[in-house]
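Peer 1: quick check, what structure comes out for this input:
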Amino acid sequence: MRAAGPTPLSEPRASRAAPGSLLLLLLVAAAVFLAALLIGSSNIGLHAALAALAGSGDAATRSVLIGVRLPRVLAAFGVGSLLALAGVLLQALFRNSLADPYVLGVSGGAAVGALLAMMAGAAALAVQSAAIGGALCAVGAVYLLARGGGTPRLLLTGIVMASACGALVSVLLALADSSRVRGMVFWLAGDLEWAVSPWASLAAAVLAVTLAVGVARPLNVLAAGELRARTVGLALDAWRSALFIGCAAATAIAVVSAGTVGFVGLITPHAVRLAFRTSDHRIVAPAAAVAGGMLLAGADLLARTVASPRQLPVGAIMALVGAPLFVVILRGRGR
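Peer 2: Numbers count the residues shown, from 1 in each chain. Just a heads-up that it's a prediction; the model follows:
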């Protein structure tokens, strides 16, 4: 008698240790959050920090903690979660482990819009609005040009759009006034000082995680390949469009909040799959969101403290940490 094979709806096995690993990840993220609040150019003790958060204590401590550090840490967790989750979804969509949030051309379009606003001397809110407009234009152009061509055409169109926007960014930097170039470079390298309010990125991250967990089963089928998806009757075109729009929106919010921060959406999905020993999106999606926020908050802590009182671009720190970390992850996957 022939043994029955797996059904088309079979899903990746989740590790039995996943709940414990997720709890450990949450504890480490909480520790990073606390360290980012307490450590800086003016160190704040735990007792003083708790008093400031409760609304009492020294006025200067409350100003530093609640007015400066807390919004920045919350923004780091929100932006990092959005980028990591976008990376998870795009790698499932393209079935390509090198896909990351910036292959869609979203960051390039946002960068062009933001730099044009900076050259015009616009304020921070106008710069963010211009970045949103640029991101939407890039996304719309990629979607219209790639419509009807399947996943490969979508990926190639996004890469071409990103390259074109990169060329425009170089031209704008060459034409910009020297007094504005430093701010433009910091924005391009990633800088959480642009995150005036962290609530937009945080709310978007929570919504994105909730939706990703809710559609985890179709994501598992989609990641298994087009043949599996068609076998179970999955509407490929509709899911491609939905994932593309969702990832573009998440990336646009992240880029508008913190500039272009690389490597978070690339290495976090790999690290989570390796640590949890599963590719089940019911686990990978929330774990990647937590890990991405923790990773960016830790990089921002280094950016604020490693050359204090000077502040480094968080995107540069993320690249310096992310490149060797990605090599380590690849070696771990190979073993």
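Peer 1: any weak-confidence spans in the stretch 1-150 of the chain?
Peer 2: 1-17 (pLDDT under 70).
Peer 1: go again with 90.
Peer 2: 1-23, 37-71, 90-108, 110-111, 114, 118, 120-150 (pLDDT under 90).
Peer 1: how about the stretch 151-300 of the chain?
Peer 2: In the stretch 151-300 of the chain (pLDDT under 90), the answer is 151-159, 162, 176-201, 213-263, 266, 270-271, 273-280.
Peer 1: now do the helices in the stretch 151-300 of the chain.
Peer 2: Here the stretch 151-300 of the chain has its helices, by DSSP state H, counting those that start in this stretch, at 178-189, 199-214, 216-223, 226-231, 236-258, 264-276, 281-305.
Peer 1: nearest to residue 34, of those helices?
Peer 2: Of all the helices of the stretch 151-300 of the chain, helix 281-305 sits nearest to residue 34, with 10.3 Å by Cβ to Cβ. C-beta coordinates here come from the backbone N, C-alpha and C atoms, glycine included.
Peer 1: residue 289 and residue 111, how far apart?
Peer 2: 24 Å (Cβ to Cβ, to the nearest Å).
Peer 1: for burial, what's the neighbour tally of the residue nearest to residue 77 when sequence neighbours are not counted?
Peer 2: Of all residues not flanking residue 77 in the chain, residue 293 sits nearest, at 3.4 Å (Cβ to Cβ, 6 or more residues apart in numbering). Using other Cβ atoms under 10 Å, residue 293 has 31 neighbouring residues.
Peer 1: show the contacting residues for residue 293.
Peer 2: 29, 76, 77, 78, 79, 80, 81, 84, 205 (Cβ atoms under 8 Å, 6 or more residues apart in numbering).
Peer 1: okay, and the closest residue to residue 169 other than its chain neighbours sits in which element?
Peer 2: Leaving aside its sequence neighbours, residue 169 sits nearest to residue 111 (Cβ to Cβ, 6+ apart; 5.2 Å). Taking DSSP states H and E as the definition, residue 111 sits inside helix 106-119.
Peer 1: roughly how far apart are residue 191 and residue 73?
Peer 2: 15 Å.
Peer 1: actually residue 262, not the one I wrote
Peer 2: Counting by Cβ to Cβ, the gap from residue 262 to residue 73 is 20 Å.
Peer 1: what about the two, which has more around it?
Peer 2: residue 73 (24 against 20).
Peer 1: tell me how many other residues crowd the nearest residue in space to residue 291 that is not next to it in sequence.
Peer 2: Using Cβ to Cβ, 6+ apart and skipping residues adjacent in sequence, the residue nearest residue 291 is residue 268, 5.2 Å away. The local packing of residue 268 (other Cβ under 10 Å) involves 32 other residues.
Peer 1: so what's residue 159 closest to, chain neighbours aside?
Peer 2: Closest to residue 159 by Cβ to Cβ, 6+ apart is residue 103, at 5.9 Å.
Peer 1: what's the distance between that neighbour and residue 179?
Peer 2: Counting by Cβ to Cβ, the gap from residue 103 to residue 179 is 33 Å.
Peer 1: what of residue 222?
Peer 2: Residue 222 is 49 Å from residue 179, by Cβ to Cβ.
Peer 1: comparing the two, which shows the higher neighbour count?
Peer 2: More crowded of residue 222 and residue 179, by other Cβ under 10 Å: residue 222, with 23 against 8.
Peer 1: you'd agree the more buried one is up against residue 238?
Peer 2: No - using Cβ atoms under 8 Å, residue 222 makes no contact with residue 238, being 11.2 Å away.
Peer 1: a markdown table for the contacts of residue 293, including secondary structure, neighbour count and distance to residue 21?
Peer 2: Putting the contacts of residue 293 into a markdown table (DSSP: H, G, I helix; E, B strand; the rest coil; neighbours: other Cβ atoms under 10 Å; distance: Cβ to Cβ, whole Å) gives the following:
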| residue | secondary structure | neighbour count | distance to residue 21 |
| --- | --- | --- | --- |
| 29 | helix | 18 | 13 |
| 76 | helix | 32 | 22 |
| 77 | helix | 26 | 19 |
| 78 | helix | 29 | 23 |
| 79 | helix | 34 | 24 |
| 80 | helix | 33 | 19 |
| 81 | helix | 31 | 18 |
| 84 | helix | 37 | 16 |
| 205 | helix | 26 | 20 |
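Peer 1: check these and tell me the two furthest apart.
Peer 2: Every pair of the contacts of residue 293 checked by Cβ to Cβ; the farthest is 29 and 79, at 14.4 Å.
Peer 1: name the element residue 91 belongs to?
Peer 2: Going by DSSP H and E, residue 91 is in helix 70-94.
Peer 1: circling back: the residue nearest to residue 291 and residue 109, how far apart?
Peer 2: Taken as Cβ to Cβ, the span from residue 268 to residue 109 is 23 Å.
Peer 1: what's the nearest residue to residue 261 if we skip its chain neighbours?
Peer 2: Using Cβ to Cβ, 6+ apart, the closest residue to residue 261 is residue 190 (3.8 Å).
Peer 1: residues in contact with the one you found?
Peer 2: Contacts of residue 190 by Cβ under 8 Å, 6+ apart are 258, 259, 260, 261, 262, 313, 314, 315, 316, 318.
Peer 1: the fifth one touches residue 318, doesn't it?
Peer 2: Yes - because the distance of 6.4 Å satisfies Cβ under 8 Å, residue 262 is recorded as touching residue 318.
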